[in-house]
Each structure stands twice: as C-alpha cells, then as structure tokens.
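*Asks:* Sequence and predicted structure below; questions after.
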Amino acid sequence: MTPMTETELRAWLSRAAGRPVTLRMNTNSSSIVDVRNGRRRGELKASVHRIFLDAPPEVLAALAGFMRTPTARDRAVVRSYIAERHRDAPERAVRRKPRRVRTLGEYYDLAPIASHVNESQFGGRLEYSITWGRRPQVRPRRQTNITLGLCQHADRHIRIHPILDDPDVPRFFLEYVVHHEMAHLAVPARVCGRTGRHHHHTPEFYAVERAYPRYCEAVHWQRKNLDRLMRKWCRSTGRSKPPPPHQRFFQLSLFGSS
Ligand SMILES: [Zn+2]
C-alpha cells in the first residue's frame, strides 16, 4: 500500500470526521495521537504520529471516529495499531483532551434550564452536554451578526453564547435558544444526495422548533431586543465595535453543525 501524504491524510480525516482538521505529523513517542478543539468553529487540531501515514483503512476509520467522538472500539483499534507499530509507546500516548464544560454563568445556570427543556419538550430522552461559550478573544472589528447557540452533532454538545448570560435576557428566551439547539439533536439533518450537503433547518425541524410553548414571544423578544443587547455587549467587552446606529445587528441563523 502506498503511504498517504500529509495533505492527503488531512483531507481524508476532515472528510471522515466531518469537521475541518488542522494536522501536524509528529515523530515523538510521548504523544502519538493528540486531538483537541481548535479555535475556529468546529475545527479539530490533531497531532498524529507519522506511522498513521501508511495505516490500513480500518485503522484510519477508527482514527477519524476517535477524533469525532471516541468510542471504546475506536480507541482499541488505534491503541493496538500503535502497539504493533510502535512497541514502546506508553498507554497515555493516546489523548483526547476532555471538553471544558461550564454551565454556571454569572446570572444563569444552564444545567437546570437544559434539563427542564429536555424533560418538558423532549420527554427527557435527549443525551447532550451543554456549556456557556467562552467570551470571544477577538480583535476589535466591526461586528454585525451573532450566533446565539451552536450544536455539534458529532458529540452532542451545545454551546450557548455568553451574551445571553445577562439579567436583561428573560429566562424564556434563553430556554428558547436551548430548545432550538436541542431540536437539532432530536431532528437529524437531511443530507442532499446530489451535493452531500447537510440541511439542518428542514420543515421537520421547524415543526419541532415551533412547538416551544413561548416560540412567538421569543421571536418577538429577539426582534425587539437583540440590537440593544449586542450594543451593550460591545460596550462591556470592548472587543468589538458596534455597527453604526443606522445599521442594526442581525442574528445569524441559529446553527447546528454536523
Ligand atoms: Zn439551527
């Protein structure tokens, strides 16, 4: 079998993991596979030993699975390949940095909110993890849009923008955003057979979204208050410039990534 080049392996892993992968090949024996979340949305940063360049397909599939959501089987396949190719590799050489999860904000605790939404709207059947996002470390630039919530299907992880951890945000609105992201977990994306694109906001999805009891009120609240909230956020963080007064903030479609 011809070994892959680094570029080929990166492209292959990005496709198989369903997320953009930044790949660094290493030759050290202390960290043979190390995967963590990158700074950009959905991005994975991986450092992988060169022995994987000529790994058989089933090992590469397990490596991609391991990067997406590690299962015991993926771990075992990757470990046994390392043991076979790299006899003195220590056990701890395979690492997947655990996710940082922070549910307790300054004003709102996401844990009881998410569990209430799950119980009352989804019969308590959804498995998920949820966290407040980090305050963005962005250079001052003009920002006119925002993504309030993000759902990563691969590991059933929901991230809520910290702008909503604010006493001016009513609890029902925060619940609505959490409900929207949870609906992404409940309604799988539709894959277009021709282009392979994932469609998240399908009619089935919207039907579930609208079932949120205070849906109309939430949409109305957002329309009325998002701009004010964003300007307050810009002032308090000093990290981004608000748009000029004639230009209003808009909400990027609440997003579910696959
Ligand atoms: Zn969405």
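*Replies:* Here it is on my side, so go on.

*Asks:* which stretches of this structure have low pLDDT?
*Replies:* Applying pLDDT under 70 to the chain flags residues 1-2, 29-30, 86-98, 136-144, 195-196, 238-258.

*Asks:* Would you mark the buried spots in the top helix by length along it?
*Replies:* In the chain, assigned by DSSP state H, the helix with the most residues is helix 215-237. For helix 215-237, a neighbour-count test (16 or more other CB atoms under 10 Å) marks 218, 221-222, 226-227, 229-230, 233-234 as buried. Just so you know, the C-beta spots here come from the backbone N, C-alpha and C atoms, and that holds for glycine as well.

*Asks:* Can you give me the neighbour number for the residue lying closest to Asn37 once chain neighbours are set aside?
*Replies:* Spatial nearest neighbour of Asn37, chain neighbours left out: Leu44 (6.5 Å); criterion: CB to CB, 6 or more residues apart in numbering. The number of residues packed near Leu44 is 22, by other CB atoms under 10 Å.

*Asks:* next one: Pro57
*Replies:* Count around Pro57 with other CB under 10 Å applied: 9.

*Asks:* What separation do you get for it and Val77?
*Replies:* For Pro57, the distance to Val77 equals 11 Å [CB to CB, to the nearest Å].

*Asks:* Same check on Arg228?
*Replies:* 52 Å.

*Asks:* ok, now Pro20?
*Replies:* Going from Pro20 to Val77 by CB to CB gives 23 Å.

*Asks:* ok, the two, which is more surrounded?
*Replies:* Taking other CB under 10 Å, Pro20 and Val77 do not tie; Val77 has more neighbours (21 against 15).

*Asks:* Now the more buried one. Its backbone dihedrals?
*Replies:* phi -60, psi -40 (degrees, to the nearest 10).

*Asks:* Run a quick neighbour tally on the closest residue to it other than its chain neighbours.
*Replies:* Spatial nearest neighbour of Val77, excluding adjacent residues (CB to CB, 6+ apart): Ala62 at 3.6 Å. Ala62: 22 surrounding residues under other CB under 10 Å.

*Asks:* same deal with Val59?
*Replies:* Neighbour count of Val59, defined by other CB under 10 Å: 20.

*Asks:* Now the stretch 1-150 of the chain against the ion: closest residue?
*Replies:* For the stretch 1-150 of the chain and the ion, the shortest gap (CB to the ion) falls at Gly149, measuring 7.5 Å.

*Asks:* Since that was my last question, I'll sign off now.
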